[in-house]
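*Asks:* sequence first, then the predicted structure, then my questions.
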Amino acid sequence: MNRRNPPSLRRRAILARWSLVLAWMGVIFALSSIPGSRVPGRFGNAAHVAEYAVLGLLLVFALYPGTVDLRIIAVAVAIASLYGITDELHQFYVPGRVPDLADWGRDTLGACAGAVAAALAVRAATASRSAGRR
C-alpha cells in the first residue's frame, strides 16, 4: 500500500472533486432558472463561455487519473456539452427564456477552453514536480 496516499484519502479526494462538479452544475441550473426579465445585466455570450469553462476545468480534475491526455479532455468536453444541451432544454420551461443552439455552442466552446486550461495546468505542475526531483 502507498503510505503517501492511502485508498481512503484517494476516495475522499475523488468524492470532493466530483462534488465540486455537481455543485457547479447546480449553480448553472440555478442561473438558468432565473426568468428572462429578471436576469441581471446583459451577461449573454461571455456568461455561457465562462460558466462552462469552469465546468470543463472541474471535469478534467474530476476525471484526472494521474495524467491528462486528449481522451480526458474529450470526455470532459463531451460531459459538459451534454449538460449544456440539458441546460438549454431546461430553459424552454423558464418564463422569458428560450433554448438556443448558439448558446449551446458557446457552452461547448467554454468547456473546451476550461478543459485545455486544466490540462495545461496539470502538465505545468507535473513538469515543475519533475524538475524539483532532479
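*Replies:* It's in. Residues are numbered from 1 along each chain as shown.

*Asks:* pLDDT below threshold where in the chain?
*Replies:* Scanning the chain for pLDDT under 70 picks out 1-5, 37-43, 132-134.

*Asks:* repeat that with 90
*Replies:* Applying pLDDT under 90 to the chain flags the ranges 1-11, 13, 34-48, 64-69, 96-98, 122-134.

*Asks:* tell me the buried residues in the longest helix seen in the chain?
*Replies:* In the chain, taking DSSP state H as the definition, the longest helix is helix 101-133. By 16 or more other CB atoms under 10 Å, the buried positions in helix 101-133 come out as 103-104, 106-116, 118-119, 122. Bear in mind the C-beta positions are built from the backbone N, C-alpha and C, glycine included.

*Asks:* in CSV, list the C-alpha atoms belonging to the helix or strand harbouring A74.
*Replies:* If you go by DSSP states H and E, A74 is part of helix 70-91. C-alpha atoms of helix 70-91 as CSV (Å, rounded to 0.1, in the frame of the first residue of the first chain):
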residue,chain,number,x,y,z
LEU,A,70,-6.6,14.1,-25.2
ARG,A,71,-9.0,11.4,-24.1
ILE,A,72,-9.6,13.1,-20.7
ILE,A,73,-10.1,16.5,-22.4
ALA,A,74,-12.6,15.0,-24.9
VAL,A,75,-14.6,13.2,-22.2
ALA,A,76,-14.7,16.4,-20.1
VAL,A,77,-15.9,18.4,-23.0
ALA,A,78,-18.4,15.8,-24.0
ILE,A,79,-19.9,15.7,-20.5
ALA,A,80,-20.1,19.5,-20.3
SER,A,81,-21.6,19.7,-23.8
LEU,A,82,-24.3,17.2,-23.0
TYR,A,83,-25.0,19.1,-19.8
GLY,A,84,-25.3,22.2,-22.0
ILE,A,85,-27.9,20.5,-24.0
THR,A,86,-30.0,19.7,-20.9
ASP,A,87,-29.5,23.3,-19.7
GLU,A,88,-30.8,24.7,-23.0
LEU,A,89,-33.8,22.3,-22.9
HIS,A,90,-34.5,23.3,-19.3
GLN,A,91,-34.7,27.0,-20.4
